[in-house]
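Engineer: Let's see this in three dimensions:
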Amino acid sequence: MLEFFIKGALVSGGLIVAIGSQNAFVLRQGLLKKNIFYICLLCFSCDVILMGVGVLGLGSYLSAAPVLTNILAIGGALFLLYYAYNAFISSYKGISSLDLSNVNTANKEKQLL
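Structural biologist: Below you'll find the model as predicted:
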C-alpha cells in the first residue's frame, strides 16, 4: 500500500514541476501582453491531448515496444539536457525568465514554438 502511495506522490510531483515552467512562461507572456490568447490556447490543447493519450492507454502500447520506449527516453533526455544547459547559461549571466527589462520581441510563430 505504501509503495503505491509513494509512486503516486512522485508522479504527481513530476506533473506539478512540469506545469510550473509552463505557467511561468504563460505569466511572462501575459505580463508582456504578447499573443496571450494563442499561447493559452496552445497550452490548453497540448494538455488535453496529453491527458487523452494517457487515458486511452498509450503507456500499454509503449511497454510492448521497447525500442520505441528507448528512442523516446533518449530523445527526452537530450531535450532536458538542452534546457538544463540553457538554464545554466541564463543563471550564469544573471538573466531571469520573468525579468521584463530584457524583453526579446519574438514573433508569434517563434513564441508558439
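
Engineer: roughly how far is the longest helix along the chain from the heart of the chain?
Structural biologist: Longest among the helix segments of the chain by residue count, using DSSP state H, is helix 2-32. Offset of helix 2-32 from its chain centre (Cα atoms, centre = their mean, to the nearest Å): 9 Å.

Engineer: what's it packed up against?
Structural biologist: Applying 3 or more Cβ pairs under 8 Å, 6 or more residues apart in numbering; DSSP states H and E, we find helix 2-32 packed against helix 36-55. In short, each C-beta sits where N, CA and C put it, glycine included.

Engineer: Could you chop the chain up by domain?
Structural biologist: 1-43, 57-97 (automatic domain parsing).

Engineer: that older thread, now the longest helix of the chain: average pLDDT?
Structural biologist: Mean pLDDT, computed over helix 2-32, is 80.

Engineer: what's the angle from it to helix 36-55?
Structural biologist: For helix 2-32 against helix 36-55, the angle by axes from the mean of the first three to the mean of the last three Cα atoms, to 10 degrees is 160 degrees.

Engineer: that older thread, could you dump the domains of the chain into CSV with mean neighbour count added?
Structural biologist: As requested, the domains of the chain are exported to CSV (neighbours: other Cβ atoms under 10 Å):
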stretch, mean neighbour count
domain 1-43, 12
domain 57-97, 10
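
Engineer: Now the ones you listed in JSON lines, please, with extra columns for distance to Leu50.
Structural biologist: JSON lines is the format used below for the domains of the chain (distance: least, Cβ to Cβ, whole Å):
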{"stretch": "domain 1-43", "distance to Leu50": "10"}
{"stretch": "domain 57-97", "distance to Leu50": "9"}
